[in-house]
Each structure stands twice: as C-alpha cells, then as structure tokens.
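1. this one's sequence-less:
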C-alpha cells in the first residue's frame, strides 16, 4: 500500500494558483480560436510597499513600453510611481456616505497616492500585512494600522483591493485617453501583478483575490510574477547583446522601499533567452524607508528631542521640507566621492552653531550621511554575498549583480556594492574563466545599474505578459509533502503511534511524511513533479477528497508529521471525473468490498504560483483547487 492520500493543512514560498495550466496568451498576429488575429494590451502593476508603478504595452508594438507618470493629486508633476497610501473619509449622520467601494460598503470618499497633505493620516505599507509570515519593520505599527482599519471599518484585504481599484481606474482612464474609447472597447486588457519572491502562498493568493475584486480581471486571466524575476526579465534582455554567455550566473538585487528581494539565474539558452534559477531566492527588511527613520533619529539627536518634537507638531511644513529633500535628493544622489557636505533645508529653525543649523539649513558632513546609510547598505551587501557564496559553492561563475528598485537608484549603494564585489584584481586572461577562477573567493563581479532601475520590475512584468516565461526551471524554496497512513513496521515506527485497522485487520501507523520535492531541488515548468497515491473507497463514499499540502523550511525534512511543519493549503480533488472503469474492486479477508484508485497529482512551480493537476494512467482529469488557511 503506497499512500492513502491523507494530508494536512499555510504557506509556501511560491503562490499556489489553483487554476489550470497557463500557456502564454497569444501575441500580435497569432490566431485566436482559429479566426481573426487578436492583439492585446498588457498592463503590469508593481504593487509595492512604499510606492507602486504601472506600465502598459500593446502587443502589436512590443518595443513601446509606456510608464504611467501622471497621477491624481500630483499637480502636473510627473512621477514613475505613486505612493502606496490610502485613506477614507468617515461617514457620519451629519455627513452621510455618497459612494460605494469595491466591497459594497458605503464610504464618502477615497484618498490615495499623491492626494494627501503631509500631516494627514493614511494607511501606509498595507502590502506587508498580506503576509503574516513576514516580519514587519520597526516603523510599521500593527496596532496603529489596526486602529485605522477599525476607524474606516475596513480589513487589510479590503484596503488593498480599494487601493488596487484606484490604480485600475486611473490606468484605464489613462489608456483610454491615449488609445481612444473605440480601441479600448475592442481590445483585450490583461493584467500582470508582481509579488515578492519570499512571500507565502496565502499572501500571493490574497493578492490575486484583491486584484480580481479591484476589477483587474477574472482570476484565471490574471498573471503573477515575482518581483526580482520581473526585473531579471527586463534587465537581462537589455544587456543580452554583449554580455551574456551560456553558463553565466547573474544575481538580481531588487532593493525597494521596504524590502530587498534577491534571485539568481544561470543562462541556459541565448536565442530565445532562457534562464534557470541557480540559488534559492532570499530577501530582507532593509529597504530605503529605513534610511528615513535613521535620518529622523539623526535630526533628533542633533537639535534635541524637545525642539524636534516641537517642529513635528507646530512646524510640520518645516519638517516635511527637510524630509522631502533627504528623500528625493540625498538618498538618490549622495556619493562619498562627490559630496563633502549636505545642506538639508529646515526653514524657520533658528541658527544654532553647536547643532549645525545655519540660515535655515542643517549642515551634514559626508561621514554623518554615511553613518545613516552604512548599516542598511551592509545588510543589502550581506544578502547578496549569501547568494554569491551559494553559487560558488556549487562551482558556478557569478558574472554580474543587477541592482534595481527604488533603493537601487542610490549612487551610494551602487558605489559600495561596486567597491565590495568588484575590488578583486582581474584573473589571468583566458578565452573563458576556468573552474578554479570561478571558485576563487576574491573573483571580481561586475555590478550593473540599469538605466530604468526604478521601473525595471514593472517593465519586466509587461514583458512576461507579452512573451510568456523565460525561466525554464526554478528552485524549490521549501520541502513539499503530504502525510499518509501505512502498515506498521516495528523496525521503522514507534510502538506508541500504532493503531489497529478493522478494515485491513492489521496494525497501521498514520502521519508519516512523504516528501515529494526537496528544498533547493530544480523544478521545471515543462516537467512537473508527480505525486503518486492510492486511495480506497467503500461503496457510497464521496469521491471528493480533501487533503492538506505540507511544507518544511528546515534543511532536513522529518519522517513523521510534527507541529513545526507548515500547513500550506487544503487541496480538493474531485475523483468523480475519473471513469469508474479505472477503479479496481477489491475485497478484504473479512468480505468487505471497496474500490481502489491509483492516481497522481502533477505539480508545476511557476514564477509566483504552483499549479496542480489530477492524472490517472497519464490522462488529465482536471485541475485541483486549493483553500488557504
């Protein structure tokens, strides 16, 4: 008896998409349903922690990627992204609501993005609350967020969906202005959303649900791609003509506002470009937003807590001007090579030589700015160094680090990364570096800074929707398995766990683990992993079976189920779709008849999702659905 498919039930590092196979949607000039050609508009949405971006491309003109740059409340100023912030006017008896949100709840008005005055309260960093498994940065208060949500009578999911609904509405209005109503009414619009590589399944599932509720399309039409993979799609294509060789490894470092996400790829094929994951993706909370809070601490220390708090309360415009200058100029442009000092404007603050306040400016030396940057920069370098070590330990050659994202625009981060990874002397010349050079711990690695670092993710998202996936295999981030019952074997199993089965008239043992995919294993989209099971049914018993998918993050997975294992989701498989002729009628020694069925579940790992299918004798009998916990 192999395994009665008896599994337990929440989060794996790839989003589980319970929809059937996703083949790339047809591109320009391809036949759809055998009739006229159908071109599409692909819209990429980079829903970020601190900022979000939107790009669009028409499949007939794939080189012409449009970035949306004008936003409500932006006063005509263009920006590649919009703040991920939302708030609601609160309805009251004197001030009743006049509109209904995407969940059917009455609200008077929604403010989002650039529509806020600096002092107004709003929900920030709501994306991080979609994944309960991820740590929150110190500057995000779950209590404060929960209080705001209660005040607005909203859940996290509703707030995320309302924000995405505003993005959707503005995007469709912008595209209609560009292409015209007739064109838009006749053209299919397909949305591709980006999600962090280290996110749990339930968080990615929640993103899909929120996007569907926001009007971005039916769930089976939506696509997900991990953020660093989207950045890799764009940047590797951009550098392809000159730099890429088969076997080269590239690490993509997507340094954003709240999070830093990393993923590594090995070039498998050049034309068309195909890559495979060469190290399990990692990430951390060391984005550029942490610099703002270190800057606040620096100002507080320089001018004193009392004066700082008075400025925040009584002179909000003064504080906001200083923070804005730090955000938009210092963070992006500071470089230890070029700046001896930085003058941050704080208009209205009196001169104070000891504090460094002069004519309404706080004078900061290069060393003081570096003190703000260095701990955060060092965390990013350590994350990248971990990926480099992993690849080199397997004999791989790391040829480049691609730095993208909002924080990826920072000149200082780039120069520090370059100094760290590109400082080794060049190896002796050969046609191709040798294996010994590849393993050398001091081998120099080129750090690349693409022209469109801040929008690389959203540009890659539209390319994914246009051309399908360029990744031929991915690395499993966890062990995946199911639990099962089997015949008791005193040589293998503890005596205390056995039980007697009247049906089989034997001692049995349950909660044994069968691991179908090992952590770090290469899994190809074109070659699914097959889980083999046998299941028994008494006459009249339901053929709809529910089982739990289980994951393990440890390097070594246990033989038996333990409480430390993670319940991913409940899988529902409907065996009514399987012809009865494929069931085998068996009889126990006591004369009890039952039907036996051998079947497999095929699992494919996609960029941000797992797809499961039921097969019997290699014939597909339908998709398997999942419910997250």
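-> Looks like it came in fine. Everything quoted here is computed from the prediction, not taken from an experiment. Numbers count the residues shown, from 1 in each chain.
2. Ramachandran coordinates for residue 55?
-> phi -130, psi 150 (degrees, to the nearest 10).
3. What of the one 4 residues further on?
-> Comment: the main-chain dihedrals of residue 59 come out as phi -60, psi -20, following degrees, to the nearest 10.
4. Correct me if wrong: it contacts residue 40.
-> Yes - in this structure, residue 59 is within contact of residue 40 by CB atoms under 8 Å, at 4.7 Å. To be clear about C-beta, it is placed using only N, CA and C from the backbone, and glycine gets the same treatment.
5. neighbour-wise, which of those two wins?
-> Set side by side, residue 59 and residue 40 give different neighbour counts by other CB atoms under 10 Å, the larger being at residue 59 (24 against 20).
6. Poorly predicted segments of this protein, please.
-> The chain contains residues with pLDDT under 70 at 1-37, 91-108, 240-242, 338-339, 424-442, 607-609.
7. Tell me where it has helices.
-> Ranges of helices within the chain are 142-152, 156-179, 181-186, 201-213, 227-243, 289-303, 305-314, 316-325, 331-333, 366-393, 411-421, 435-439, 456-467, based on DSSP state H.
8. would a markdown table of those with mean neighbour count and distance to residue 564 be doable?
-> A markdown table is the format used below for these (neighbours: other CB atoms under 10 Å; distance: least, CB to CB, whole Å):
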| stretch | mean neighbour count | distance to residue 564 |
| --- | --- | --- |
| helix 142-152 | 14 | 24 |
| helix 156-179 | 19 | 26 |
| helix 181-186 | 11 | 51 |
| helix 201-213 | 23 | 18 |
| helix 227-243 | 22 | 28 |
| helix 289-303 | 18 | 30 |
| helix 305-314 | 13 | 44 |
| helix 316-325 | 17 | 43 |
| helix 331-333 | 18 | 40 |
| helix 366-393 | 17 | 24 |
| helix 411-421 | 20 | 36 |
| helix 435-439 | 13 | 35 |
| helix 456-467 | 28 | 34 |
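9. Let me know which of those helices is the nearest to residue 620.
-> Of all these, the one in closest proximity to residue 620, counting by CB to CB, is helix 201-213 (22.8 Å).
10. how far is the closest one from where the chain is centred?
-> How far helix 201-213 lies from its chain's middle: 11 Å, per CA atoms, centre = their mean, to the nearest Å.
11. what helices or strands is that helix leaning on?
-> In this structure, helix 201-213 packs against helix 156-179, strand 188-195, strand 223-226, strand 566-574, strand 625-628, with contacts taken as 3 or more CB pairs under 8 Å, 6 or more residues apart in numbering; DSSP states H and E.
12. Out of the ones you listed, the one nearest residue 308 is which?
-> Among these, helix 156-179 comes nearest to residue 308, with 30.6 Å by CB to CB.
13. for the closest one, the distance to its chain's centre please.
-> With CA atoms, centre = their mean as the basis, the distance from the averaged C-alpha position of helix 156-179 to the chain average is 20 Å.
14. picking that back up, could I get the helices and strands packed on helix 201-213 as CSV with distance to residue 216?
-> Putting these into CSV (distance: least, CB to CB, whole Å) gives the following:
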stretch, distance to residue 216
helix 156-179, 5
strand 188-195, 4
strand 223-226, 10
strand 566-574, 23
strand 625-628, 20
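15. Just tell me which of those ends up closest to residue 581.
-> Smallest distance to residue 581 across these (CB to CB): 17.3 Å, for strand 566-574.
16. list the buried ones in the closest one?
-> Judged by neighbour count using 16 or more other CB atoms under 10 Å, the buried positions of strand 566-574 are 566-571, 573-574.
17. Domain parsing of this structure, as residue ranges.
-> Under the TED database, the residue ranges defining each domain of the chain are 40-221, 229-424+443-455+470-475, 477-628.
18. Would you format these as CSV with distance to residue 462 included?
-> Supplementary listing: these in CSV, determined by distance: least, CB to CB, whole Å:
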stretch, distance to residue 462
domain 40-221, 4
domain 229-424+443-455+470-475, 9
domain 477-628, 14
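19. Next up, the contacts around residue 577.
-> 614, 621-622 (CB atoms under 8 Å, 6 or more residues apart in numbering).
20. The residue nearest the centre of the chain and residue 205, how far apart?
-> For the chain, the residue sitting closest to the mean C-alpha position, by CA atoms, centre = their mean, is residue 196 at 1.7 Å. Residue 196 sits 14 Å away from residue 205, taking CB to CB, to the nearest Å as the criterion.
21. Mutual contacts of the two, please.
-> When contacts are counted by CB under 8 Å, 6+ apart, residue 196 and residue 205 are jointly contacted by no residue.
22. List the strands paired with the longest strand seen in the chain, with their directions.
-> Ranked by residue count under DSSP state E, the longest strand found in the chain is strand 593-606. Listed by DSSP bridges, the sheet partners of strand 593-606 and their directions read strand 529-537 (antiparallel), strand 584-587 (antiparallel), strand 609-616 (antiparallel).
23. how about CSV for these, with distance to residue 484 and mean neighbour count added?
-> As requested, the strands paired with strand 593-606 are exported to CSV (distance: least, CB to CB, whole Å; neighbours: other CB atoms under 10 Å):
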stretch, distance to residue 484, mean neighbour count
strand 529-537, 8, 17
strand 584-587, 18, 10
strand 609-616, 17, 21
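24. For the residue nearest to residue 320 when sequence neighbours are not counted, grab phi and psi.
-> Sequence neighbours aside, residue 118 is the residue nearest to residue 320 in space, at 4.2 Å (criterion: CB to CB, 6 or more residues apart in numbering). Reported as degrees, to the nearest 10, the phi and psi values for residue 118 are phi -50, psi -40.
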